[in-house]
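J.: give me the fold of what follows.
(one chain, ligands or ions: 1)
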Amino acid sequence: MIYDIVRPFLFALDPETAHRAAISALQTGLVPRPAAAADAGLRRTVMGLEFPNPLGVAAGFDKNAEVVDAALALGFGFVEVGSVTPRPQPGNPKPRVFRSVADGALINRLGFNSDGHDVVYARLAKRAPHGIVGVNLGANKDSADRVADYAGGVTRFSDVASYLAINISSPNTPGLRDLQEKDGLARLLAAVAEARERAARRVPIVVKIAPDLDDDALAAMCEAIVAARMDGMIVSNTTVSRAGLSDARIAAEAGGMSGRPLFAPSTAMLAKVRTIVGSRLALIGTGGIHSVATAREKLAAGADLIQLYTGMIYEGPELPGRIVAGLLRH
Ligand SMILES: Cc1cc2nc3c(=O)[nH]c(=O)nc-3n(C[C@H](O)[C@H](O)[C@H](O)COP(=O)(O)O)c2cc1C
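T.: Numbers count the residues shown, from 1 in each chain. I've put the predicted structure just below:
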């Protein structure tokens, strides 16, 4: 595999610089082209959208919609761009992404570095419509009205997004996850639903949650999301836990942990959510997928669709093609 040769060079770089290099490589078309991406055996209709296969690239990989078509060409059945904030913002000071190679994990505290609604919208509007492209919405750090930030995102992206994701689970914007709590959540979802009603097209909306909620909070959230007539949930974002991380130096970094150690807790939570919501919501299972086996386990736990990001850093750009081919074989 060519990635066996490339990986040491990328891993010699700061993780964020390596990511920038990967995005540049994708922009120049240096990508493997798997064959099985759109086999009829993997097609599924979820939230009224027809997905060529159930594996998507998770938010954070292409925050600013720079490589949507290249990501689809890697074999992904859908791409979720973002998180996008209304106004452009730089995010937290660098360094802000840390690898734990031994654990197949990452800690990031990017803090919604974003080109902002206008630039990301223009990029999406310019491309020939093709494939399923979700837009993940965030809020500005210095926003006076975060509810308005999300509602504004719904209004702005309804005509270019296949679906929208409301990300209130990033651990890296102070106070953001308070929106997951009861009163705040009801108010937020009402504003989001109202913005959708006003838009020309009824775009499906999913809510992305943290894996760090206790059972009561989780049940309350699920019911609020169903009651607000949302279409689905993404389970889950990164965790503030450091369980499963062997590198104490990396564990001491603030931020959200993704990758292999997140697989078990996020999959257990996904199964709980499926039990609570039954067939009332579509579920996107995200967290720690790094192989055909983990992809299958996530689906078996109740996911209609799955996403990955960190696994590709360790396994390389052939991972999506390999997983899709593996799902097809089973
Ligand atoms: C570097 C990095 C940046 C991320 N940025 C975002 C983001 O902007 N919005 C979001 O909803 N999730 C973001 N995520 C979380 C991922 O979408 C995903 O939920 C999480 O990483 C778990 O999946 P994984 O273990 O396959 O990476 C980010 C993850 C990483 C590693």
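J.: quick one: name the residues of the stretch 51-200 of the chain near the ligand.
T.: Residues of the stretch 51-200 of the chain found near the ligand (CB under 6 Å from any ligand atom) are 58-60, 63, 82-83, 97, 106, 108, 110, 136, 167, 170. For every residue, glycine as well, the C-beta is placed using N, CA and C.
J.: and if we set it to 5 Å?
T.: Within the stretch 51-200 of the chain, the positions adjacent to the ligand are Ala58, Ala59, Gly60, Ser83, Leu106, Asn108, Asn136, Asn167 by CB under 5 Å from any ligand atom.
J.: wait, the fourth one sits on Gly60?
T.: So the one you mean is Ser83. Yes. Applying CB atoms under 8 Å, one finds Ser83 in contact with Gly60, separated by 7.3 Å.
J.: list the contacts of Ala139.
T.: Contacts for Ala139 (CB atoms under 8 Å, 6 or more residues apart in numbering) come out as Thr85, Pro86, Phe112, Arg146, Asp149, Tyr150, Thr173, Leu176.
J.: related to what we said a few turns ago, show me the residues of the stretch 51-200 of the chain next to the ligand that map onto strands.
T.: Ser83, Leu106, Asn108, Asn136, Asn167 (DSSP state E).
J.: make CSV out of those and add pLDDT and neighbour count.
T.: Output for these, formatted as CSV (pLDDT from 0 to 100; neighbours: other CB atoms under 10 Å):
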residue, pLDDT, neighbour count
Ser83, 97, 25
Leu106, 97, 25
Asn108, 97, 26
Asn136, 98, 25
Asn167, 96, 28
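J.: tell me the confidence at the closest residue to the ligand within the chain?
T.: Per CB to the nearest ligand atom, Gly60 is where the chain lies closest to the ligand, at 2.2 Å. Note on Gly60: pLDDT of 97.
J.: residues in contact with Asn108?
T.: Gly60, Arg96, Val97, Phe98, Asn172, Thr238, Gly255, Gly256, Ser258.
J.: quick check: the two most widely separated of these?
T.: Gly60 and Phe98 (14.5 Å; CB to CB).
J.: who has more neighbours, these two?
T.: Gly60 (25 against 22; other CB atoms under 10 Å).
J.: the more buried one reaches Arg109, doesn't it?
T.: No. In this structure Gly60 lies outside contact range of Arg109 using CB under 8 Å: 12.0 Å.
J.: circling back: quick one: which of the ones in strands among the residues of the stretch 51-200 of the chain next to the ligand is nearest Leu13?
T.: Leu106 (14.0 Å).
J.: how many neighbours does Arg201 have?
T.: Arg201: 9 neighbours (other CB under 10 Å).
J.: that one reaches Ser158, doesn't it?
T.: Yes. Between Arg201 and Ser158 there is a contact at 5.5 Å, judged by CB under 8 Å.
J.: residues in contact with Leu179?
T.: Arg146, Val147, Ile168, Leu185, Leu188.
J.: number of nearby residues for the third one?
T.: Same thing as Ile168. So Ile168, with other CB under 10 Å, has 27 neighbours.
J.: next, the contact list for it, please.
T.: Taking CB under 8 Å, 6+ apart as the test, what Ile168 contacts is Tyr150, Leu176, Arg177, Leu179, Gln180, Leu185, Leu188, Val207, Lys208, Ile209.
J.: go again with 7 Å.
T.: Taking CB atoms under 7 Å, 6 or more residues apart in numbering as the contact definition, Ile168 lies against Leu176, Arg177, Leu179, Gln180.
J.: could you pull up phi and psi at it?
T.: Per-residue torsions, Ile168: phi -110, psi 20 (degrees, to the nearest 10).
J.: return the distance of it relative to Glu253.
T.: 23 Å (CB to CB, to the nearest Å).
J.: can you pull out the low-pLDDT segments for this structure?
T.: 32, 35-38 (pLDDT under 70).
J.: the strands in it, which residues?
T.: Using DSSP E, strands in the chain cover 44-46, 49-51, 55-57, 78-84, 97-100, 105-108, 132-137, 163-167, 205-209, 232-235, 256-259, 282-286, 305-308.
J.: which elements pack onto the last one?
T.: Applying 3 or more CB pairs under 7 Å, 6 or more residues apart in numbering; DSSP states H and E, one finds that strand 305-308 contacts strand 55-57, strand 282-286, helix 292-300.
J.: equivalent analysis for the fifth one, please.
T.: With contacts defined as 3+ CB pairs under 7 Å, 6+ apart, the secondary structure elements packing on strand 97-100 are helix 15-27, strand 105-108.
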